[in-house]
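*Asks:* sequence below, structure please.
(one chain, ligands or ions: 1)
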Amino acid sequence: MDTHDVSGTLELAQSIQRREKTLADSQARKGQRPARHPRNQVILRFQLHLMAFRIRVLSKGPQDFTIKSSFVPLAYVPCVAPLSALKKTMIDDLLLETHHRGTYLLVRAVTPQNYITAVMAIVEDEKGDVLMAQLYHQDDGRAEDILVEGMVLIIKEPYFKLMSDGGYGLRVDHLSDVVFLAANDERIPSSWQQESAQQSATALAWKTKGNSHVKESSYRSAIACYTRALVCAPTPEETHTIRLNRSLAFLKTQEYDAALSDAEFAMTSASSVKKPVEKALFRKAQALYSLERYRECCEVLKDLRLEYPDNTAAKSELTRAISRLAEQTHGKYPFKQMYAEAACLQPPRLDRATYLGPVAVQPAGSRGRGLFTTKAVKAGDLLFCEKAFAHAFDDQKADSGCNTTMLIDPESRSGTIGSQSDLINMTVQKLHRNPSLLPLITDLHHGAYQPVDAAEVDGQPVVDTFLIRRIIALNCFGCPLSTLTSYQHDRSLSSSLSTTSALEKEKEEKNAFHSCGLWPTASYINHSCDSNARRSFVGDMMVARATRDLPAGTELTWWYQQPWPRQPAQSKNNKLHSHWGFACACAQATSPAALAKRDALAAGLRRYVLSLGARELRDGDAVAVRIQGAADAMAATYGAPASDVPRLAVWMAVQSALVKMLKAGGLGMGPVVLRPVRMVELLLAALAALGFVIDAGAALVVRRWGLLATDVVDLWLLLRDAYYLAAPELVTAAEGYARTAHRIVFGEDETFESYGGV
Ligand SMILES: C[S@@+](CC[C@H](N)C(=O)[O-])C[C@H]1O[C@@H](n2cnc3c(N)ncnc32)[C@H](O)[C@@H]1O
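*Replies:* Below is the predicted model of the structure:
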């Protein structure tokens, strides 16, 4: 939704064509055992490539723009068999384009590694045969520690394939398909053992080694040592300390489930080994905070404060956790502060909690599941304010904007530009580190993809990368740094409201974002062109508000793609069908004949508006009458009332005429002689076309809210200004509606005064 989609472009078509050729070539060689190149040649070739790559990176200027293409490979499921059930195989036995189910490879890296879209190195088996191995979705932050020269690993059910450069190698997409062996692991053949003397080291020695890794901030190595210590018959006292220390290391590697489990163990064992419980409580609280379990976190910190009142860190952590709990419970946020935080944090991930308001996931008939209101809400009410599960920020202004990725899925022939491939990595990594969060994501809609029925194997969580890709493709949202700043950036009526197709296209591009994120609750909202909810963003927080009064039990909807005046014309709806697999019900509403007539009227009006010169505009009233007449004729081409099918073509036509008049002088301040009442009529006509039902007599009352396009805030503000001259008694009401519109569109009304010039 709102991601920068490049499906249908020539560039994408060419990339897909090349890819299909490679795929066809590789399928033709499926099952073959390729001629092996000599070991030295393979290693030398890799090293030369590595050198060339490093030179390219070093010589790249900050402004050099590169687009990396990343192809989604054909999906395959992760290995779900335990290692003990697999048979060892050797490189020489591997067949091209084959997943070697039921087997595993034991290999060792024999070159330095390279990291582009995957971590790569040449690996050898025990016979000395070599191959390139590519490990995808590894932790970006520690890529340089992975597959380093000399490292030994087990690749479960190896996938041997042709690479895009015509060579061949191993490709690993699922994290649980690789087992990295610690230097002293017994499974390492003796000829490869580097630290054989340590095989018999004691728990104490491993613990000490772990501690020194912590001092060097090598937390993964520390975890490996502590884990090793725990199997060396430690005393109860040692076990307590080792798990307490490992909890800290797990916090640093963002493995919060494991950090919590170790801290809880240390808490319960503290009394029997006569140790203070202070550190264990603190680490437990930190893990709970990171898992967004703020209530439990507060409880733990309160206990800690009671027992250790001098612990100042606990005091400040408690204050922080109480703030999160308040946000989570009451949905009250300091939005102005959040804008400031989003502006200075890189990436803009805010330390804020998710609030879920009066909403619940329920069955939604043929649409699958949907999100419904659990009580009546008013237009502008907060439905939820959700923190992204994962958020990939692509700063178009900074250096990172010079390196962007085009993610191409040849199967669905679609492509997006921006940070979606980073989002996949982040999500896979976060789930791998915190398996308790798996159901939150794997329950999301994934179309026809059939995931494996296993959550864990050999003590590792099974995170099916292809399932995550599918979930992200169907559920991720493109997002700006903030909706308000993105709109304000080019807020001017003349650029934001228009009728010409070129500008529509431009507007469409403005609405597509390179940054994106995954918001699980928001993902349950189904599409409707005439939506009743609206999303906005501040950093990685998504704010969702009702766009009209809704009774309890109403299904919430919003648009996956902004509706267009020619909707239900064919092109825009195609993506709903090709990507999300449904046809929007509103697409059937208009006959081709009615559409043709509407288009002709819109084109006529556009020509008329373009032709207006200073002389014609001097009689603004006459112009307004002509516009109103054309708008009425266009309205007659709609078969349903505007409250059922918003008349976007009418809205845009009226607005474009208003723009022209406002630019020429507006309400009597320039050459245009337009009576304020006429201005009010035109503005009310534009709002009515969007489906607003408004009583504008002695009082101004919105009976029903219409479609909340971003520009609606401006329409209401213009109405307020027109009422200053036409009917001052209605100014307050108009401003109140402008404020509500601002709250819906931008998520808050704290900035309304500065936006609306009140
Ligand atoms: C982001 S998910 C929305 C939640 C989804 N309905 C579920 O059950 O999890 C998008 C998918 O919902 C379904 N969907 C959304 N809007 C729809 C609509 N207006 N009509 C039919 N199906 C719709 C489609 O299957 C689409 O691929």
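*Asks:* and for this structure, the residue most distant from the center?
*Replies:* Relative to the C-alpha centroid of the chain, counting by C-alpha atoms, centre = their mean, Arg615 is the outermost residue, at 51.5 Å.
*Asks:* so that residue sits in a helix?
*Replies:* Yes: counting by DSSP: H, G, I helix; E, B strand; the rest coil, Arg615 is part of a helix.
*Asks:* for it, give me its contacts.
*Replies:* Contact partners of Arg615, counting by C-beta atoms under 8 Å, 6 or more residues apart in numbering, are absent. Any C-beta I mention is one placed from the backbone N, CA and C, and that applies to glycine too.
*Asks:* so it versus Met661, what's the distance?
*Replies:* Relative to Met661, Arg615 is positioned 14 Å away (criterion: C-beta to C-beta, to the nearest Å).
*Asks:* can you show me the strands along the stretch 601-750 of the chain?
*Replies:* Per DSSP state E, counting those that start in this stretch, the stretch 601-750 of the chain carries strands over the ranges 693-696, 700-704.
*Asks:* ok, the closest residue to the ligand within the stretch 301-450 of the chain - contacts?
*Replies:* Nearest to the ligand in the stretch 301-450 of the chain, going by C-beta to the nearest ligand atom, is Gly368, at a distance of 2.8 Å. Gly368 makes contact with His445, Asn526, according to C-beta under 8 Å, 6+ apart.
*Asks:* likewise for Ser59?
*Replies:* With C-beta under 8 Å, 6+ apart, Ser59 has no contacts at all.
*Asks:* OK, contacts around Ser536?
*Replies:* Applying C-beta under 8 Å, 6+ apart, the residues near Ser536 are Ser482, Thr483, Leu484, Met542, Val543, Arg545, Val745, Phe746, Gly747.
*Asks:* chain center to the helix or strand that it is a member of, what's the gap?
*Replies:* Secondary structure assignment for Ser536, by DSSP states H and E: strand 533-538. The chain centroid and the centroid of strand 533-538 are separated by 14 Å, computed with C-alpha atoms, centre = their mean, to the nearest Å.
*Asks:* export whatever helix or strand comes next after it as CSV, just CAs?
*Replies:* Proceeding N to C from strand 533-538, the next assigned helix or strand is strand 541-546, under DSSP H and E. Taking C-alpha atoms only, strand 541-546 is exported to CSV below (Å, rounded to 0.1, in the frame of the first residue of the first chain):
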residue,chain,number,x,y,z
MET,A,541,4.1,5.2,14.3
MET,A,542,0.9,4.8,12.3
VAL,A,543,-2.1,6.7,13.4
ALA,A,544,-5.6,5.5,12.3
ARG,A,545,-8.7,7.6,12.8
ALA,A,546,-12.4,7.2,11.8
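*Asks:* so what touches strand 541-546?
*Replies:* 333, 338, 350, 352, 373, 377-388, 477, 479, 517, 519, 522, 525, 532-537, 556, 558, 743-744, 747-748.
*Asks:* is the helix or strand just after it anywhere near the ligand?
*Replies:* Using DSSP H and E, the helix or strand that follows strand 541-546 in sequence is strand 557-558. No: between strand 557-558 and the ligand, judged by C-beta under 6 Å from any ligand atom, nothing touches; the nearest distance is 7.0 Å.
*Asks:* spell out the secondary structure type for whichever residue of the stretch 201-350 of the chain sits closest to the ligand.
*Replies:* Here the residue of the stretch 201-350 of the chain nearest the ligand is Glu292; by C-beta to the nearest ligand atom that distance is 21.4 Å. The three-state assignment at Glu292 reads coil, by three-state DSSP.
*Asks:* check contacts around it.
*Replies:* By C-beta under 8 Å, 6+ apart, the contact set of Glu292 is Arg324, Gln328, Ala353, Thr354, Lys387.
*Asks:* now the first one: closest residue in space that isn't a chain neighbour?
*Replies:* Closest residue to Arg324 apart from its sequence neighbours, by C-beta to C-beta, 6 or more residues apart in numbering: Ala353 at 4.0 Å.
*Asks:* show me the shaky parts of the stretch 451-600 of the chain.
*Replies:* Within the stretch 451-600 of the chain, the ranges that satisfy pLDDT under 70 run 489-512, 564-574, 587-589.
*Asks:* change it to 50
*Replies:* Along the stretch 451-600 of the chain, the model assigns pLDDT under 50 to residues 492-506, 509, 568-570, 572.
*Asks:* all strands of it, in order?
*Replies:* Using DSSP E, counting those that start in this stretch, strands in the stretch 451-600 of the chain cover 456-457, 460-461, 477-478, 516-518, 526-527, 533-538, 541-546, 557-558.
*Asks:* do the stretch 101-250 of the chain as well
*Replies:* 103-109, 114-115, 119-124, 130-135, 152-156, 159-162, 168-172, 178-181.
*Asks:* just to revisit the earlier point, nearest to Pro189, of the contacts of Glu292?
*Replies:* Lys387 (47.0 Å; C-beta to C-beta).
*Asks:* how about the nearest residue to the closest one once chain neighbours are set aside, what does it touch?
*Replies:* Counting by C-beta to C-beta, 6+ apart, Lys387 lies nearest to Thr354, which is 4.8 Å off, once chain neighbours are set aside. Residues near Thr354 by C-beta under 8 Å, 6+ apart: Glu292, Gln328, Phe384, Cys385, Glu386, Lys387, Thr521.
*Asks:* let me see the confidence value for Thr354.
*Replies:* pLDDT, Thr354: 98.
*Asks:* before we move on, what about Asn184?
*Replies:* For Asn184, the model assigns a pLDDT of 75.
*Asks:* Lys397 too?
*Replies:* Here the pLDDT value assigned to Lys397 is 61.
*Asks:* give me every residue that touches Ala85.
*Replies:* Contacts for Ala85 were tallied using C-beta under 8 Å, 6+ apart; they are Gly102.
*Asks:* gap between it and the ligand?
*Replies:* 34 Å (C-beta to the nearest ligand atom, to the nearest Å).
*Asks:* for the stretch 601-750 of the chain, which spans come out with low pLDDT?
*Replies:* Flagging of the stretch 601-750 of the chain using pLDDT under 50 yields the residue ranges 669.
*Asks:* great, nothing more from me.
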